[in-house]
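Chemist: Got a predicted structure here, sequence first:
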Amino acid sequence: MFSDYVKKLTDNVIRRFSTRDPFQIADGLGIAVLYRNDFTELKGMYTVIKRKRFVFLNANLPEQVQTVVCAHELGHDALHRQIAASEAFREFVLYNMKSMYEYEANTYAAHLLLDDNEIYELAREGCDVVQIAQKMNTDINLVLIKMHKMNREKNQFNIPYLPRSDFLGK
């Protein structure tokens with residue numbers, strides 16, 4: 001199953017660098033993270049130029065959103081590097097569930113940023129999806145993706161809705 005493969009990839013990178021911080025991981029992988037003030041609607045971008053890997057982030061986004069975008073772009077690096085060598089991945093809207101590549105990068109970001117045990121404990125304490133996202137200082141859509149993946153494994157979270165495909169698009 002693809003989600004299992006992505007989970008193994010993220011578990012390995014977390015173990016390798018002893019962190020879930022996508023900026024530290026990018027640095028450890030030799031991926032240049034560059035901030036752009038001239039991005040208006042573009043949130044981030046991943047590309048490979050002459051075998052050098054780059055993540056470009058919108059410097060005007062809140063730090064929490066930059067973290068999610070960086071993790072998402074690391075997903076493209078891990079899963080779609082060959083494609084990025086010929087065409088950059090540009091993120092105008094996160095949580096695009098219509099594009100296979102974007103969904104896969106979102107799954108990678110969810111596994112990278114969110115610890116299963118922490119989500120499980122918060123849910124056990126009675127927190128709903130919104131409260132879990134607030135306590136983990138992350139986006140609700142990322143928590144929804146993660147909980148859907150955890151449900152496929154063994155958990156039985158009551159998740160009443162799917163992530164919005166247009167979230168952060170405005």
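Modeler: It's in.

Chemist: show me where this protein has helices.
Modeler: Under the criterion DSSP state H, the chain carries helices at the ranges 2-17, 22-29, 63-84, 100-113, 116-124, 129-135, 140-153.

Chemist: what's the spacing between the residue nearest in space to the middle of the chain and Arg51?
Modeler: Centroid-nearest residue in the chain: Ala109, 2.1 Å away (criterion: Cα atoms, centre = their mean). Distance, Ala109 to Arg51, using Cβ to Cβ, to the nearest Å: 24 Å. Heads up, the C-betas are built off the backbone N, CA and C, glycines and all.

Chemist: and what of Gln82?
Modeler: Taking Cβ to Cβ, one finds Gln82 at 12 Å from Arg51.

Chemist: Same check on Asp4?
Modeler: Distance from Asp4 to Arg51, by Cβ to Cβ: 29 Å.

Chemist: Hmm, Glu73 is touching Tyr46, no?
Modeler: Yes - between Glu73 and Tyr46 there is a contact at 4.1 Å, judged by Cβ atoms under 8 Å.

Chemist: okay, now the closest residue to Thr107 other than its chain neighbours: neighbour count?
Modeler: Using Cβ to Cβ, 6 or more residues apart in numbering and skipping the chain neighbours, the partner closest in space to Thr107 is Val6 (5.1 Å). When neighbours are defined as other Cβ atoms under 10 Å, Val6 has 22 of them.
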